[in-house]
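Participant: Predicted model follows, preceded by the sequence.
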Amino acid sequence: MNGADAIIKCLEEEKVKYVFGYPGVAICPFYNSILSSDIKTVLVRTEQSAAHMASGLARTTGTVGVCAVTSGPGATNLLTGIATAFADSIPLVCITGQVNSSLLGSDVFQEADVTGAAESFVKYSYLIKNVNDIPRIMKEAFHIASTGRKGPVLIDVPIDIQNAVIKNFKYPEEVNMRTYKPTVKGNGMQLKRLVSALEKAKRPLICVGGGVALSNAESELRKFVEKSNIPVVSTMMGIGAMPTEHPLYFGMVGNNGKPYANKAIRECDTLLMVGARVADRAVNQPDFLTDHKVMIHMDVDPAEIGKNIGPTIPIVGDAKAIFEELNKEDINASEPEWLNKLYEYKKELNIKRFPDSKYVDPQEFIEYLSDKMDEDGIYVADVGQNQIWSCAYHVVKKGRFLTSGGMGTMGYSIPAALGAKLANPGKQVIAVCGDGSFQMSMCELATIKQENANVKIIVFKNGYLGMVREYQHFTYKDNYSVVELNDYPDLEALAKAYDFDYFKVTLDKELSRTDKFLASDNPGIMEVNINPMDIVKG
Amino acid sequence: MKKIYSVMVENRSGVLSKVSGLFARRCFNIDSLVVGETFDPEVSNMTIVSSGDERTLEQIEKQLNKKLDVIKVKTFNEEQSVSRELMLIKVKYNKNNRKDILEICEICSAEIVDMSKTHIMIQICNTPEKIAVFRSMLSGISVVEVARTGTLALPKCNDKDN
């Protein structure tokens, strides 16, 4: 057994089903060993996609996504994907091949210091220098990635270590790290303070972030909310933690959120933040939240608490474990006046859109699509105007809503959708992107075909990098700079080249074409022509 | 506000870069940073002096604790600790100022550790404030080279220490 065999054996022990990646000489021992395993491999078309696919798989299964690429450019191409996963706390184990360990530091062919380069956006990284360390390191890597605040772990393996003989392989049963013991259970005293603060509150509100889905706490949250009758808003990463049409859910907050959600945040007197970073897009004036308010911040990462906002009551722990604990008690915080007020706001305050009848209105389209989607379908939004419209108008029922919220990485949706589809072959998976973000990942159309995966891709075509164009419209008074895409590629010809179905809607009255697009057994591209001058701000 | 962090870390390659990188990336100040082995060869100790507002100083502690190579972080203010710094300073002397230099050294408990016909090297080990005083006393003298260790500190003795 050599080092590469040992790595594969460890992946099997961790019940890994897919490895996304791209081979090169430095990772060839790994890809040779994987041939004798049942683990499936997916050959991506560029390494960044490998991390996004692993992310799509991880987010929809609650397991760790795995990718494996070669040294040098393979590893550096992967970096954006790792940073994207880090920003959204997605558990990944990323394996990179590395040059021979005796050559490390000598700038030989395809050598890049990837552990150094990735240091600020991995949860942890390893450079394996002894083949006998492989079982321990692999065990630790999966443990670190999937516990506490989840995140990507990078393992850099020199080719000679992959080829070295390992004696007495034994996969450890336990992890023993004196430096890493994440807190799961909430402190009893702090929980009591939380309960009493919510009970005293006249206008309580819960704001949920990505931490809810990461800790798989959706049903516990819902139970808590329904029992206590406390209204909920969410950040972008928190979309889907509550069903969109739940009577106690009041939409996404932030500068691209629902006006009534922001109003709720401003007017509440007690705010419970759950698994949210309170970053600039969700809350542009963090101090606002702590002025004249009781602020309770629940997060599994103690460093998040007090980073952007000074809470009155900090609670460190896992959302699922904490809500399970809280659900044992009866909390009566309902104030019908407050709820009624929020219902009024929801009716009154809405972004007014001015659709142009010459094009498809994105709102109409997404609402139609949402309605026709399977209840448990997975909706993957890319980055840009398409993302903001998706957040605003997609109705999550029992499915998932995935997007790159923290890093805002264009090109996320197509590979993430493929990862999600492979992990959930029975579910409908739809990627929604703009013509800018589509072109960042369109090489993966081939991968989708190769994997025979029925991924549906919707392209909002407006010939612009719409979000930046909108920014330049407001900030630079229509002085557009480097935002105009031309009409290429011809999506119909492209669909033909890759054997995809092709559909097109140019007017609202053609929306029903979506039905056939969704029903087909073949992957498809749907081109949606939207007004290039449309804005999300309304 | 100043704070001293005594950080026990795993003695592995790359750990210093991870810790100092954290300070650079998050725009935390490093007033000084000293690393050395402890009695346990697998553990190193870093003494980091930093300054900033209260929230920043708290974040530094939390972010340090988050690092997976960090075993333990102790923080204390200057008054809660005994801190020392060592400075080596090489000065040019002549027969007019030689006596003055020796006198200053004596007052400040500094030691002459090397000497030539034109230069002397002085060693002083004291609190950062005393070292600053010593340095200013030598301001009229031509200083050739200076090397300082940065602050080392441990919390004051307590009967509850184990």
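Facilitator: Structure's in. What do you need? Numbers count the residues shown, from 1 in each chain, chains lettered A, B, ... in the order given.

Participant: Every contact and neighbour count from this point should use C-alpha atoms.
Facilitator: Fine.

Participant: Get me the contact residues on chain A for chain B.
Facilitator: With CA under 8 Å from any CA of the partner chain as the criterion, chain A comes near chain B at residues A:119-120, A:124, A:178-180, A:302-303, A:306-307.

Participant: Now, those that are in strands?
Facilitator: Per DSSP state E, strands hold the following members of the residues of chain A next to chain B: A:Tyr124.

Participant: just the buried members of the residues of chain A next to chain B?
Facilitator: A:119-120, A:124, A:179-180, A:302-303, A:306-307 (16 or more other CA atoms under 10 Å in any protein chain shown).

Participant: thinking again about what came up before, save the residues of chain A next to chain B as CSV, and put in pLDDT too.
Facilitator: Listed next are the residues of chain A next to chain B as CSV, based on pLDDT from 0 to 100:
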residue, pLDDT
A:Glu119, 94
A:Ser120, 94
A:Tyr124, 97
A:Arg178, 91
A:Thr179, 91
A:Tyr180, 93
A:Pro302, 92
A:Ala303, 90
A:Gly306, 82
A:Lys307, 84
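
Participant: From the residues of chain A next to chain B, pick the one nearest A:Gly384.
Facilitator: A:Ser120 (25.1 Å; CA to CA).

Participant: and the closest one, what is it in contact with?
Facilitator: A:Ser120 sits next to B:21-22, B:25 when contact means CA atoms under 8 Å, 6 or more residues apart in numbering or on different chains.

Participant: Run through the residues you listed and flag the ones next to chain A.
Facilitator: Of those, the ones that also sit near chain A (CA under 8 Å from any CA) are B:21-22, B:25.

Participant: A helix includes B:Lys3, no?
Facilitator: No: with DSSP: H, G, I helix; E, B strand; the rest coil as the criterion, B:Lys3 is located in strand rather than a helix.

Participant: you'd agree it is up against B:Gln80?
Facilitator: No: contact criterion CA atoms under 8 Å: B:Lys3 and B:Gln80 do not qualify, at 10.3 Å.

Participant: Sticking with B:Asn20, tell me its helix or strand.
Facilitator: Actually, residue B:20 is Ser. It isn't Asn. helix B:15-25 (DSSP states H and E).

Participant: From the chain's centre, how far out is stretch A:369-378? Work that out for me.
Facilitator: In terms of CA atoms, centre = their mean, to the nearest Å, the centre of stretch A:369-378 is set 19 Å apart from its chain centre.

Participant: Need the CA coordinates for that stretch. CSV is fine.
Facilitator: Extracted C-alpha coordinates of stretch A:369-378, given in CSV (Å, rounded to 0.1, in the frame of the first residue of the first chain):
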residue,chain,number,x,y,z
LEU,A,369,-40.5,29.1,-12.5
SER,A,370,-40.8,28.8,-8.7
ASP,A,371,-44.4,27.8,-9.1
LYS,A,372,-43.6,25.1,-11.7
MET,A,373,-40.6,23.7,-9.9
ASP,A,374,-40.8,20.6,-7.8
GLU,A,375,-41.5,21.4,-4.2
ASP,A,376,-38.2,19.9,-3.1
GLY,A,377,-36.2,21.2,-6.1
ILE,A,378,-32.8,22.8,-5.7
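
Participant: Nearest residue to residue 5 in space, please, no chain neighbours.
Facilitator: By default, I'm working from chain A. A:Ser33 (5.3 Å; CA to CA, 6 or more residues apart in numbering or on different chains).

Participant: wait, I meant chain B there
Facilitator: B:Thr75 (4.5 Å).

Participant: before we move on, what SS does the one you found have?
Facilitator: strand.

Participant: quick one: pLDDT of it?
Facilitator: pLDDT for B:Thr75: 93.

Participant: Please apply the same query to A:Pro286.
Facilitator: 63.

Participant: Likewise for B:Pro155?
Facilitator: 88.

Participant: Quick check: can you list the domain ranges of the chain?
Facilitator: Let's take chain A. Listed by automatic domain parsing, the domain ranges of chain A are A:3-163, A:188-348, A:362-529.

Participant: actually chain B
Facilitator: B:2-76, B:83-154.

Participant: could the residues of chain A next to chain B go into JSON lines alongside distance to A:Gly426?
Facilitator: Shown next, in JSON lines, are the residues of chain A next to chain B (distance: CA to CA, whole Å):
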{"residue": "A:Glu119", "distance to A:Gly426": "37"}
{"residue": "A:Ser120", "distance to A:Gly426": "37"}
{"residue": "A:Tyr124", "distance to A:Gly426": "34"}
{"residue": "A:Arg178", "distance to A:Gly426": "42"}
{"residue": "A:Thr179", "distance to A:Gly426": "41"}
{"residue": "A:Tyr180", "distance to A:Gly426": "37"}
{"residue": "A:Pro302", "distance to A:Gly426": "38"}
{"residue": "A:Ala303", "distance to A:Gly426": "39"}
{"residue": "A:Gly306", "distance to A:Gly426": "42"}
{"residue": "A:Lys307", "distance to A:Gly426": "41"}
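
Participant: Endpoints of stretch A:479-494, how far apart?
Facilitator: 32 Å (CA to CA, to the nearest Å).

Participant: Now the closest residue to chain B within the stretch 151-300 of chain A. Nearest residue, chain neighbours left out?
Facilitator: Using CA to the nearest CA, the single residue of the stretch 151-300 of chain A nearest to chain B is A:Thr179, 4.8 Å away. Closest residue in space to A:Thr179, ignoring its immediate chain neighbours: B:Ile71 at 4.8 Å, by CA to CA, 6+ apart.

Participant: For the one you found, pull up the helix or strand it's in.
Facilitator: strand B:70-76.

Participant: Of all the residues in that strand, which ones are buried?
Facilitator: Quick answer for strand B:70-76 (16+ other CA under 10 Å): B:70-73, B:75-76.

Participant: Hmm, A:Val208 and A:Gly238 touching each other?
Facilitator: Yes: with contact defined as CA under 8 Å, A:Gly238 counts as touching A:Val208 (5.4 Å).

Participant: The two: which is more packed in?
Facilitator: Taking A:Gly238 and A:Val208 together and counting by other CA atoms under 10 Å in any protein chain shown, A:Val208 has the greater number of neighbours (29 against 26).

Participant: Include distance to A:Val165 when you put the buried residues of strand B:70-76 into CSV, please.
Facilitator: Converted to CSV, the buried residues of strand B:70-76 look like this (distance: CA to CA, whole Å):
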residue, distance to A:Val165
B:Val70, 32
B:Ile71, 32
B:Lys72, 36
B:Val73, 39
B:Thr75, 45
B:Phe76, 48
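
Participant: Which one of these is nearest to A:Gly426?
Facilitator: Nearest member of those to A:Gly426, counting by CA to CA, is B:Val70, at 43.8 Å.
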